[in-house]
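Engineer: Based on what follows, work out the 3D shape:
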Amino acid sequence: MRRAIAAVAALVLTVVVAGAQPASAANLLTNAGFESGNLGGWSCSGGSVVTGPVHSGSYALAGNATASDTAQCTQTVTVVPNTAYTVSAWVRGNPVYLGITNGPSTWAGSTSYTQLTLSFTTAAGQTSAQLYLHGWYGTGTYNADDVALDGPGGSTPGTPATPGNPSVTAVTASSIALSWPAVSGVTGYRVYEGSSLRATVSGTSATVTGLGACETHSYTVAAYNTAGESARSAAATGTTSGCQQANLPRHALIGYLHASFANGSGYVRMADVPAAWDIVNLSFGEPTSVTSGDIRFTLCPVAECPNVESEADFIAAIRAKQAQGKKVLISIGGQNGQVQLTTTAARDKFVQSVSAIIDRYGLDGLDVDFEGHSLYLNAGDTDFRNPTTPVIVNLISALRTLKSRYGSRFILTMAPETFFVQVGYQFYGGAGGGDNRTGSYLPVIHALRDSLTVLQVQNYNSGPVMGLDNQYHNMGGADFPIAMGDMLRAGFPVASTGQTFPGLRDDQIAVGLPAAVSAGNGYLAPGTVQQAVNCLARNQNCGGYTLRGGASPALRGLMTWSVNWDRYYGWEFQNSHRPFLNGLP
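Structural biologist: Sure, this is the predicted structure:
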């Protein structure tokens, strides 16, 4: 189930002072009534300045509280320790919150402007106070106007001005990079997390390292010189990469559903897909032409699928699956759906058309099933970390845009063939001397590794592939998915390029296999499948193979082509492997 976000987002006012003398009471906020016509002095998420409705003057703040954002704003002023302050704001919306972090708070819900007020006293030696003002998740637009923080301001003569709002420029699984506008007359800058100093730099950027994966941190910045330190900036918040999908089972059963064709196995209505399947990939969205980027999806025609449901029933069945915690994705490509994003126009059309499908059916994400000649590497494109081939670069950009558009709940999976991934250990397309498609998924996987939910390489329809033991492995036994899965977990040198593809987290890896003998070459009996998974997950019963990547206890699970073929063969895959997955640690 999706984690409820219980933390209240805050509109932060950070106040810092050292040895200042009290001044007369005044509203310490800049642009308190938003009369500049912009958000100058404020830092907002989901906020804008509007001309109505206003409480006074010509402008007011409008915060758009969405399902994932309470629309917070921030500003920084200076105050004096051991001093009383009053806070007020005129607000409308249902609800709107005003408060002081670790202090008093209040709220109101009204369709007309209502004034919220509170007071607080700074502690002895206190150098910061946090004021928050926000709506609530999914409640829509709220307004605020004529905000005030009244009391004596404080500063030390000669100290620098407060830095402008910092921003997060990059994240990894262990670091967050920040930058901020320059301030004149400074010796340097200090980056704080709460009251802890995390970095001191002379320039306008810093990288905080040594963080854990999937952690959220907030930082403020102060400028300093020989006279002292400025007030701290508004807070910038970032989350390190490496997050697991908390709303998926630890071990998932993933299947493709022939939604736009029957393929000899018969049509399965969405409502008839058993609850054993955790992720259902709708097959397929296909382009209007190879290079158009224009992806279309339609339900199977009645002539081919007499029992096809109406679109309304199809959508209703998707909603019912989602209510059970299942995820439904659109899968793009397949054997016949060649997609080459050779231009930025095709890239943009891909984003637009895929978004339209996701929105129309209310889907949870996207599965990239590019096969054939969709991906390739131009001669000389030998660094998977910095690809230059347009079809690669544009696909990476498109997927990043989709992930950004839909946020953290967006599920991104990929189902490449071994030719496009593990064969890169021996041959990499851009290095020349062979097929320019070998290993061509590697730059895409690497660029999206922090957004990738599941990589489910097809361990079927494959020729022999050399594993990390430098032996060729063939379909037909447990050693093939064992060796292929180990390469994904351990990582591997990329052909003769001198670079190494880093392994993925175990929760990002699923073993892809055909559901039945008619579904594809490489079918394995249930016992053989489970031997392979036990080896990968527990490092048990691995035969003669030694895992280079070690055990993967959080191995995401099993993917199969397809739900339809499994139904055709009496649900052998589902009935054998759902209980088995449930029994994994």
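Engineer: Excluding chain neighbours, what is closest to Ser397?
Structural biologist: With sequence-adjacent residues excluded and distances taken as Cβ to Cβ, 6 or more residues apart in numbering, Ser397 is closest to Arg347, at 5.8 Å. No exception for glycine: its C-beta is placed from N, CA and C like everyone else's.
Engineer: Could I get the full set of helices for the stretch 251-400 of the chain?
Structural biologist: Here the stretch 251-400 of the chain has its helices, by DSSP state H, counting those that start in this stretch, at 311-323, 344-361, 390-406.
Engineer: so can I have JSON lines of those showing mean neighbour count?
Structural biologist: Converted to JSON lines, the helices of the stretch 251-400 of the chain look like this (neighbours: other Cβ atoms under 10 Å):
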{"stretch": "helix 311-323", "mean neighbour count": "14"}
{"stretch": "helix 344-361", "mean neighbour count": "18"}
{"stretch": "helix 390-406", "mean neighbour count": "19"}
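Engineer: Would you mind giving these as TSV with mean pLDDT and distance to Ala123 added?
Structural biologist: Below are the helices of the stretch 251-400 of the chain laid out as TSV (pLDDT from 0 to 100; distance: least, Cβ to Cβ, whole Å):
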stretch	mean pLDDT	distance to Ala123
helix 311-323	97	48
helix 344-361	97	49
helix 390-406	95	40
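Engineer: do you know which of these lies nearest Gly203?
Structural biologist: helix 390-406 (27.1 Å; Cβ to Cβ).
Engineer: contacting residues around the closest one?
Structural biologist: Contacts to helix 390-406, defined as Cβ atoms under 8 Å, 6 or more residues apart in numbering, come from residues 340-344, 346-348, 350-351, 354-355, 358, 365-366, 368, 370, 374-377, 381, 387, 410, 412, 440, 443-444, 447-448, 451.
Engineer: next one: stretch 429-440
Structural biologist: By Cβ under 8 Å, 6+ apart, stretch 429-440 touches 373, 375-382, 384, 389, 392, 419-421, 423-428, 494-497.
Engineer: Return a selection command, for use in PyMOL, containing the buried ones of those residues.
Structural biologist: Entered in PyMOL, the line below selects the buried ones among these, by 16 or more other Cβ atoms under 10 Å:
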select buried, resi 375+376+377+378+381+382+384+389+392+419+420+421+423+424+425+426+427+428+494+495+497
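Engineer: out of the contacts of stretch 429-440, which are inside strands?
Structural biologist: Using DSSP state E, no member of the contacts of stretch 429-440 sits in strands.
Engineer: Please tell me how far the residue nearest to the spatial centre of the chain sits from Ser167.
Structural biologist: Residue closest to the average C-alpha location in the chain (Cα atoms, centre = their mean): Ser408, at 3.9 Å. Distance, Ser408 to Ser167, by Cβ to Cβ, to the nearest Å: 19 Å.
Engineer: and Tyr59, which of the helices of the stretch 251-400 of the chain is closest to it?
Structural biologist: Going by Cβ to Cβ, the one of the helices of the stretch 251-400 of the chain nearest Tyr59 is helix 390-406, 28.7 Å.
Engineer: what angle sits between the closest one and helix 344-361?
Structural biologist: Put simply, helix 390-406 runs at 40 degrees to helix 344-361, going by axes from the mean of the first three to the mean of the last three Cα atoms, to 10 degrees.
Engineer: residues contacting the residue nearest to Arg538 when sequence neighbours are not counted?
Structural biologist: In space, Arg538 comes closest to Ala551 once its chain neighbours are excluded; the distance is 5.7 Å by Cβ to Cβ, 6+ apart. When the contact criterion is Cβ under 8 Å, 6+ apart, the partners of Ala551 are 536-539.
Engineer: separation between Ala551 and Thr413?
Structural biologist: As judged by Cβ to Cβ, Ala551 and Thr413 stand 23 Å apart.
Engineer: And Arg250, by the same measure?
Structural biologist: Taken as Cβ to Cβ, the span from Arg250 to Thr413 is 16 Å.
Engineer: Look at these two and report which has more neighbours.
Structural biologist: Higher neighbour count among Arg250 and Thr413: Thr413, with 24 against 15, using other Cβ atoms under 10 Å.
Engineer: Determine the set of other helices and strands touching the host helix or strand of the more buried one.
Structural biologist: Taking DSSP states H and E as the criterion, Thr413 maps to strand 411-414. Applying 3 or more Cβ pairs under 8 Å, 6 or more residues apart in numbering; DSSP states H and E, we find strand 411-414 packed against strand 279-287, strand 327-334, strand 365-370, helix 390-406, strand 454-455.
Engineer: if you set the cut-off to 6 Å instead, what comes out?
Structural biologist: strand 365-370 (3 or more Cβ pairs under 6 Å, 6 or more residues apart in numbering; DSSP states H and E).
Engineer: Tell me which residues of the strand it packs on come out buried.
Structural biologist: Those would be 365-370, for strand 365-370 by 16+ other Cβ under 10 Å.
Engineer: and if you look at stretch 82-90?
Structural biologist: Of the residues in stretch 82-90, 83, 85, 87-90 count as buried by neighbour count, 16+ other Cβ under 10 Å.
Engineer: average pLDDT across that stretch?
Structural biologist: The average pLDDT within stretch 82-90 is 85.
Engineer: and if you look at stretch 46-64?
Structural biologist: For stretch 46-64, the per-residue pLDDT averages 88.
Engineer: where does the residue nearest to Val533 when sequence neighbours are not counted land in three-state SS?
Structural biologist: Nearest non-adjacent residue to Val533, counting by Cβ to Cβ, 6+ apart: Val511, 6.3 Å away. Following DSSP: H, G, I helix; E, B strand; the rest coil, Val511 is assigned to strand.
Engineer: Where do the helices of the stretch 451-585 of the chain begin and end?
Structural biologist: 479-490, 526-538, 563-568, 572-582.
Engineer: quick one: which of these is nearest Asn336?
Structural biologist: It is, among these and with distance given as Cβ to Cβ, helix 563-568, at 16.1 Å.
Engineer: Need the contact partners of that closest one.
Structural biologist: Contacts with helix 563-568, where a contact means Cβ atoms under 6 Å, 6 or more residues apart in numbering, come from 255, 257-258, 265, 268, 273, 515-516, 519, 573-574.
Engineer: Centre of the chain to it, how far?
Structural biologist: What separates the centre of helix 563-568 from the centre of its chain is 32 Å, taken as Cα atoms, centre = their mean, to the nearest Å.
Engineer: 22 is where my numbering starts, stick with that
Structural biologist: From this message on, residue numbering opens at 22, which makes the last subject helix 584-589.
Engineer: Just the endpoints, please. Distance across stretch 555-569?
Structural biologist: 15 Å (Cα to Cα, to the nearest Å).
Engineer: tell me the contacts of the closest residue to Cys321 other than its chain neighbours?
Structural biologist: In space, and not counting its chain neighbours, Cys321 is closest to Val329: 5.0 Å by Cβ to Cβ, 6+ apart. Val329 makes contact with 288, 320-321, 323, according to Cβ under 6 Å, 6+ apart.
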